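Student: I'll drop the sequence and a predicted model, then ask my questions.
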Amino acid sequence: MKREIIPKHIAIIPDGNRRWAKSKHLPMFFGHKKGVDVMENICYAALKRGVKVITFWAFSTENWKRSEKEINYLMKLFKEVFRNRLEKFHKENVKLVVSGRIDKFSRELQEEIKKAVEKTKRNTRGIVHFCLNYGGRTEIVDVVKKLLKKKVSPNKVNQKMISDNLYMPGLPDPDLVIRTSGEQRISGFLTWQSVYSELLFVDKHWPAFTEKDIDLAIKEFSRRNRRFGGN
């Protein structure tokens, strides 16, 4: 039997909160709340299994198109995560990092994010990476702007330079990208970083995702033969 291979970095598009709530005849807010609880549980489950980095796409640049009521609720949820769940992350020796245009959030939420990142920056057990107000194309646009501001000569631009100017340049590229709720696309998630990631599409809505599903994902990843363009 093939040896189990633990992905160093798992990135997740936790899709289907609203559809899960609808299927249970609950308001959509219940789906988002349950989704946050599942996110926390899966963080610790993945770290326990030896994953070093776990990334969640919590809010995309396109999510601003949703209703004002839903956006306001999501902002409250994010504040709750960074404020009320921080102590547990810190106690568990987990480092929190955030990618995206967080300057578009309220000053209060920005402060909560900065506090959480600062408090956990020396933690060493593993990294939980939240993508907030994030879009893969937006990230690449921001890299280009950064390089133009630095007046980098075009003939000096290479792949390493682009990687070094991403929102979170120190993170390894994801080995495995999981999307829940049956959608089979990555919609601009980690566009630059995911070119060689293994993709796994799961039919379950995110609030129904469990530790068993992480085990199944790792098992499936272990079966894959990653060639990176080789034979």
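Tutor: That came in fine, so what should we check first? Residues are numbered from 1 along each chain as shown.
Student: in which helix or strand would I find the most centrally placed residue in the chain?
Tutor: Of all residues in the chain, the one closest to the mean position by CA atoms, centre = their mean is F56, 2.1 Å from it. Using DSSP states H and E, F56 maps to strand 53-60.
Student: so how far is stretch 16-30 off the chain centroid?
Tutor: 21 Å (CA atoms, centre = their mean, to the nearest Å).
Student: quick one: residues in contact with stretch 169-184.
Tutor: Contact with stretch 169-184 is made by 7-16, 19, 52-53, 55, 97, 127, 129, 163, 185-186, 189-190, 193-206, 209, 217, 221, 226, as judged by CB atoms under 8 Å, 6 or more residues apart in numbering. In this view, the C-beta of every residue, glycine as well, is placed from N, C-alpha and C.
Student: filter those down to the buried ones and express that as a ChimeraX selection.
Tutor: Filtering the contacts of stretch 169-184 down to the buried ones (16 or more other CB atoms under 10 Å) takes a single ChimeraX command:
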select :7,9,10,11,12,13,14,15,16,19,52,53,55,97,127,129,186,189,190,193,194,197,198,200,201,202,205,206,209,217,221
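Student: among the contacts of stretch 169-184, name the ones in helices.
Tutor: Using DSSP state H, R19, S163, A217, F221 are the members of the contacts of stretch 169-184 that sit in helices.
Student: quick one: the residue nearest to the centre of the chain and C131 touch, right?
Tutor: Yes. F56 lies in contact with C131 (CB atoms under 8 Å); the separation is 6.8 Å.
Student: what about F82, helix or strand, and which?
Tutor: Going by DSSP H and E, F82 is in helix 68-84.
Student: now do the buried residues in that helix.
Tutor: Y73, L74, L77, F78, K79, V81, F82.
Student: shouldn't the fifth one be in contact with E112?
Tutor: Yes. Applying CB under 8 Å as the test, K79 and E112 come out as touching, 5.4 Å apart.
Student: so V177, which state does it fall into?
Tutor: strand (DSSP: H, G, I helix; E, B strand; the rest coil).
Student: that one: neighbouring residues, count only.
Tutor: By other CB atoms under 10 Å, 23 other residues sit near V177.
Student: K104 against L132, yeah?
Tutor: No. K104 is beyond contact range of L132, at 9.4 Å (criterion: CB under 8 Å).
Student: show me which of the two is the more surrounded one.
Tutor: The residue with more neighbours, out of K104 and L132, is L132; 23 against 12, by other CB under 10 Å.
Student: other residues contacting stretch 131-147?
Tutor: So stretch 131-147 is contacted by 55-62, 78, 98-102, 104-105, 113, 157, 161-162, 165-167, 188-192 (CB under 8 Å, 6+ apart).
Student: over to stretch 106-121?
Tutor: By CB under 8 Å, 6+ apart, stretch 106-121 touches 75, 78-79, 82-83, 86, 89-90, 94-98, 102-103, 105, 132.
Student: chain center to it: distance?
Tutor: Taking mean C-alpha positions (CA atoms, centre = their mean), stretch 106-121 and its chain are 17 Å apart.
Student: in that stretch, what's buried?
Tutor: Residues of stretch 106-121 classed as buried: L109, E112, I113, A116, V117, K119, T120 (neighbour count, 16+ other CB under 10 Å).
Student: once you drop chain neighbours, what's closest to the second one?
Tutor: The spatially closest residue to E112, leaving aside those adjacent along the chain, is F82, at 4.0 Å (CB to CB, 6 or more residues apart in numbering).
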